[in-house]
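1. the following block contains a protein sequence and its predicted model.
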Amino acid sequence: MRPEILNPLFTEVEALKGVGPQLAKLLKKLGISRVVDLLYHLPTGAIERMRAPAASAALLGRNVILDLKPFEVRESRSGRGPMRVFASDGDGNTISLIYFNNPGWAKRSLPIGQQRTVSGKLEAYGDEWQIIHPEVTEPGKGPQPAIREPVYPLTEGLTNRRVGELVREALERAPELPEWVEPGLLSRDGWGAWRGSLALIHREPSADTARKRLAYDEIFANQLALLLLRQSQRRHRTAPLPGTGELTAKLRLPYQLTGAQRRVIEEIRGDMAQSAPMLRLLQGDVGSGKTLVAVLAMLAAVESGAQAALLAPTEILARQHHATLLGQLDSIGVRVAILTGREKGRARDSVLMGLADGSVDVLVGTHAIFQEKVAYKKLGLAVVDEQHRFGVSQRLLLASKAEHPPHLLVMTATPIPRTLTLTQYGEMDVSRIDEMPPGRSPVETRVISEEKLSDVVDALGRHIAAGGQAYWVCPLVEESEKSDAAAAEERARVLKARFGEDKVGLVHGRMKGPDKDAVMARFAGGDLAVLVATTVIEVGVDVPNATLMIVEGAERFGLAQLHQLRGRVGRGTGKSTCLLIRGATLTDVGRARLALMRETNDGFRIAEEDLRLRGPGEILGTRQSGEEAFRAATAELVAELAPIAQSDALLLLDRDGGLAGPRGQAARICLYLFERDQAVGLLRSG
């Protein structure tokens with residue numbers, strides 16, 4: 001149960017003065033629904049204002065606070081132009097106050113002949129001095145403009161001043177919390193207490209020491225939760241699965257294993273032979289042969305008399321894995337089944353029965369395979385493919401389902417920077433496949449302006465005429481599957497008109513599973529020459545004859561996503577090309593991203609750069625499922641503080657009496673504050 005001291009922080013924002021349904025709706029757009037969200041809605045900078053008795057040329061370009069008396073209102077005749085209120089200052093200078101909308105409010109706020117305090121940026125326009133959209137207050141009534149005011153991220157309809165007022169009220173409700181940071185660390189870095197640091201950062205956004213302290217708190221909660229998860233897992237005992245090598249010997253491998261694959265298999269088999277459950281993260285770049293490593297791990301489980309389950313993030317990928325495993329394992333007597341949301345009736349019952357009586361050796365599926373109704377006779381190994389859809393919360397759920405938790409192998413083709421490995425998989429041992437199988441040639445990458453779109457379509461025509469296949473990925477229009485689907489539908493319509501209805505297929509996230517699979521099967525079988533898609537094809541789709549990838553609106557994608565998409569080609573022996581079509585306007589970050597894609601095929605280098613350019617919350621191209629992104633910690637602070645926080649969390653558990661001692665009690669509050677309560681539950685149940 002959440003400690004009582006935190007209750008004021010987890011109150012809904014409606015409890016604050018003047019927050020009704022309308023304001024609550026605006027705050028929700030900023031991710032603010034509780035008092036604690038307001039406290040961590042940190043300012044990005046500050047406005048400095050100058051209080052002056054009158055305007056002067058020396059103040060041009062500065063934010064000023066002036067006492068003015070309006071003497072004339074001039075409205076635009078057409079109703080489309082700005083409204084001007086002319087006002088005079090103490091020295092008789094005329095300042096034009098300009099409003100582009102809401103003239104009614106401006107008239108009410110600036111009555112003719114009555115003095116008002118006005119704040120905003122003083123600018124020259126020809127011979128005129130003006131302030132555009134100034135803030136207006138009545139002298140001596142209500143809060144006056146501040147000389148220094150923090151600037152907050154806003155949404156339309158919400159002013160900076162209103163957010164500031166709400167933050168001040170939230171701070172008044174914030175209790176003094178007991179200290180969870182190790183005392184030596186506090187004094188060494190000169191950090192203040194939690195509440196004082198929050199108050200300081202909202203007052204002085206550039207207070208680096210306060211920001212560092214707040215970033216450390218959330219990184220520390222994260223590290224402690226992961227260590228508790230590891231401790232809890234290690235305390236459990238499970239069946240060792242050493243394997244006999246009998247089935248592995250019968251397996252017909254598609255190619256010789258690389259040195260990196262052999263090393264990783266040794267590490268995994270070493271873990272599985274222990275009675276402490278394996279917790280291993282397997283990182284391998286696109287096409288490095290992770291699936292084969294997973295197959296060998298699953299065979300070790302089956303050889304030891306246990307079952308294995310392979311969890312895929314999407315139905316497309318689950319069906320593809322199922323087809324691959326059937327082809328490899330059926331002939332050596334290993335029984336493989338599939339279970340997704342689509343298996344119904346008898347087919348589903350038959351799989352469930354096979355799992356319960358042990359006649360199914362390997363189960364492939366989506367999240368459906370860990371639902372309550374799915375009972376295994378002896379689940380020994382769980383393999384999770386594409387971990388970024390399977391966060392800490394889901395790993396905790398999996399750990400809590402079995403009396404003897406299975407060995408866990410988590411795989412990713414999105415290389416994760418070392419820093420993030422520590423913050424998101426700190427409870428796991430890490431293996432890396434850092435070598436490519438022989439015969440895979442690097443994909444040539446070119447960046448092309450959207451002005452040359454017709455040339456790209458012509459090149460696609462030549463590619464098709466030569467018997468090639470291609471992907472065309474449509475841009476992320478906004479955070480809405482609907483609009484992404486619309487962009488893909490329009491592109492498919494244009495390409496069908498050019499190349500024929502029977503040559504072009506379309507898949508997007510809003511299509512039903514069977515329809516999606518049918519199109520994918522036609523593309524994989526060579527019936528379709530072009531597959532138009534949204535990012536549903538980002539992970540795992542394997543069509544060796546497809547040697548051209550076209551990504552439209554490439555600057556809108558993250559580096560990790562672009563790298564994943566490029567990895568869909570170059571899977572056969574033919575030379576492969578990736579064309580990144582960019583928009584007319586490019587930010588510096590967008591330019592840097594595309595230049596790096598052109599320069600390197602190394603996923604690990606791309607991942608490190610992606611972290612630097614985009615920050616940890618967005619690194620995986622999708623927000624962590626079930627994970628909070630850090631709110632105070634930037635990418636740089638995560639890199640700097642995560643190792644320190646991990647050492648401090650270890651110190652707490654090993655030397656300072658765990659969560660039972662005085663600092664441990666404070667750390668428990670820290671876990672609840674950052675909503676890592678599952679870790680506390682684990683401690684109790686373990």
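-> On my side now, so go ahead. Numbering: from 1, shown residues only.
2. list the buried ones in stretch 230-247?
-> Of all the residues in stretch 230-247, those buried under the rule 16 or more other C-beta atoms under 10 Å are 231, 232, 233, 238, 239, 240, 241, 243, 247. Yep, even glycine has a C-beta here, placed from its N, CA and C like the rest.
3. and the helices in the stretch 101-250 of the chain?
-> 103-109, 160-173, 183-189, 194-203, 208-235, 246-250 (DSSP state H, counting those that start in this stretch).
4. packed most tightly, which of those would that be?
-> helix 208-235 (a mean of 22; mean count of other C-beta atoms under 10 Å).
5. buried residues in whichever strand or helix holds residue 317, which are they?
-> For residue 317, the host element (DSSP states H and E) is helix 315-329. Of the residues in helix 315-329, 315-326, 328-329 count as buried by neighbour count, 16+ other C-beta under 10 Å.
6. ok, now stretch 552-563?
-> 552, 553, 554, 555, 556, 557, 558, 559, 560, 561, 562, 563.
7. which one of the buried residues of stretch 230-247 is nearest residue 605?
-> Among the buried residues of stretch 230-247, residue 233 lies closest to residue 605 (C-beta to C-beta), at 31.8 Å.
8. can you name the element that comes right after the helix holding residue 317?
-> strand 336-339.
9. what's in contact with that following strand?
-> 318-319, 322, 325-326, 329-330, 348, 351-352, 354-355, 360-365, 368-369, 374 (C-beta atoms under 8 Å, 6 or more residues apart in numbering).
10. buried ones among those?
-> 318-319, 322, 325-326, 329, 348, 351-352, 354-355, 360-365, 368-369, 374.
11. buried residues in the strand ranked longest in the chain, which are they?
-> Longest strand of the chain, by residue count under DSSP state E: strand 63-74. Judged by neighbour count (16+ other C-beta under 10 Å), strand 63-74 contains these buried residues: 63, 64, 65, 66, 67, 68, 70, 73.
12. got the residue ranges for the strands in the stretch 1-150 of the chain?
-> 45-51, 63-74, 83-88, 94-99, 116-125, 128-132, 135-137, 148-151 (DSSP state E, counting those that start in this stretch).
13. what mean pLDDT does the fifth one get?
-> Per-residue pLDDT values over strand 116-125 give a mean of 95.
14. same question for the longest one.
-> Averaged across strand 63-74, the pLDDT comes to 95.
15. do the same with the last one
-> Taken as a whole, strand 148-151 has a mean pLDDT of 92.
16. just to revisit the earlier point, could you give me the average pLDDT of the helix holding residue 317?
-> Computed over helix 315-329, the average pLDDT equals 88.
17. list of residues touching that helix?
-> In contact with helix 315-329 (C-beta under 8 Å, 6+ apart) are residues 251-252, 291, 295, 299, 310, 312, 336, 338, 340-342, 361-362, 364-366, 385-386, 507, 513, 516-517, 520, 536-537, 539-542.
18. which ones among those residues are found in helices?
-> Among the contacts of helix 315-329, DSSP state H puts 291, 295, 299, 513, 516, 517, 520 in helices.
19. tell me the contacts of the second one?
-> Shown in contact with residue 295 (C-beta under 8 Å, 6+ apart): 251, 325, 328, 329.
20. which two from those residues end up farthest apart in space?
-> 251 and 325 (11.2 Å).
21. test my guess that residue 75 contacts residue 83.
-> Yes: counting by C-beta atoms under 8 Å, residue 83 is a contact partner of residue 75 at 5.0 Å.
22. looking at the two, which is more packed in?
-> Neighbours per residue, other C-beta atoms under 10 Å: of residue 75 and residue 83, the larger number sits with residue 83, 19 against 15.
23. that one and residue 107: what is the separation?
-> 8 Å (C-beta to C-beta, to the nearest Å).
24. do the same with residue 575
-> From residue 575 to residue 107 the distance is 69 Å (C-beta to C-beta).
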